[in-house]
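okay, here's the prediction I keep looking at, along with the sequence it came from:
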Amino acid sequence: MPRLFTAIEVPDEVGDALSTYRGGLSGARWIDVENYHITLRFLGDIDEETAHEAAYQLGTVRRAPFDVVIEGLDAFGGERPRALIARVAPSPAIMELQAEHERLIRRTGLPAEKRKFTPHVTLARLRDASPRGVAEYLGLRGGPPGLAFRAERFVIYSSRDSVGGGPYLVEAAYPLR
C-alpha cells in the first residue's frame, strides 16, 4: 500500500514563484515543483480498510475556503538542518482544518501525530548542509513577499517510497465549501 497523507495543494503560479529559490545551497535535494504541498496529516503505510475509513471520515469535513499566506523561508533542524521550507502563516482556518484532520484520522484507529503541526511547503531536503551555509542562504534570499493563494480544497495524496518524496498522486479530493 502506498503512503497516504492529507494536504493542501500549492497552485502552479505559487509553485513557480517558490521555484525561483531553487539552487545555491550545497547539500540540498530540491523537491519538484509539481510536488509542492502543505501536509495536514500523515497517515503512513496503512491497509486498504483503514484508508477507506479515513477517506469516509474526511468526507464529513465542512469548512469554508480560506487564504493561505507564505510568510518567508526557513529551515527545520536547527544545528542539523534537514529541510528548507516556505513558512505558511498559521491562520485559524488552516490550524482548525489540521486539528479536524487529526481528530478524524484518530477515529480510524491510527495513533496521534507526534510532531506539532507547523504549516509549510518543503522546498528541499537537506543532507550534509552546514548550518552556516543554510543561514547564509536564508539571509541572502529573505523570502517570498506577498505570496498567497486561496485554498479551495484538500486532498489525500499517495506517494511511493522514493528519494525526496514524490511523485504524489491525488487519491481523493474534498472541496472546501
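It's in.

may I ask which helix or strand encompasses residue 50?
Secondary structure here is read from DSSP states H and E; on that basis residue 50 sits in helix 48-58.

packing partners for the helix or strand that comes right after that helix?
For helix 48-58, the following helix or strand on the C-terminal side (DSSP H and E) is strand 66-76. Strand 66-76 is packed against strand 83-88, helix 92-107, strand 120-126, helix 131-141, strand 147-151, with contacts defined by 3 or more C-beta pairs under 8 Å, 6 or more residues apart in numbering; DSSP states H and E. Where C-beta positions appear, they are placed from N, C-alpha and C, glycine not excepted.

tilt between the last one and strand 83-88?
What separates the directions of strand 147-151 and strand 83-88 is an angle of 70 degrees, with axes from the mean of the first three to the mean of the last three C-alpha atoms, to 10 degrees.

list the buried residues in strand 147-151.
Along strand 147-151, the positions that meet the burial threshold by neighbour count (16 or more other C-beta atoms under 10 Å) are 147, 149, 151.

that older thread, out of the helices and strands packed on strand 66-76, which comes closest to residue 61?
Each of those was checked against residue 61 via C-beta to C-beta, and the shortest separation belongs to helix 92-107, namely 6.0 Å.
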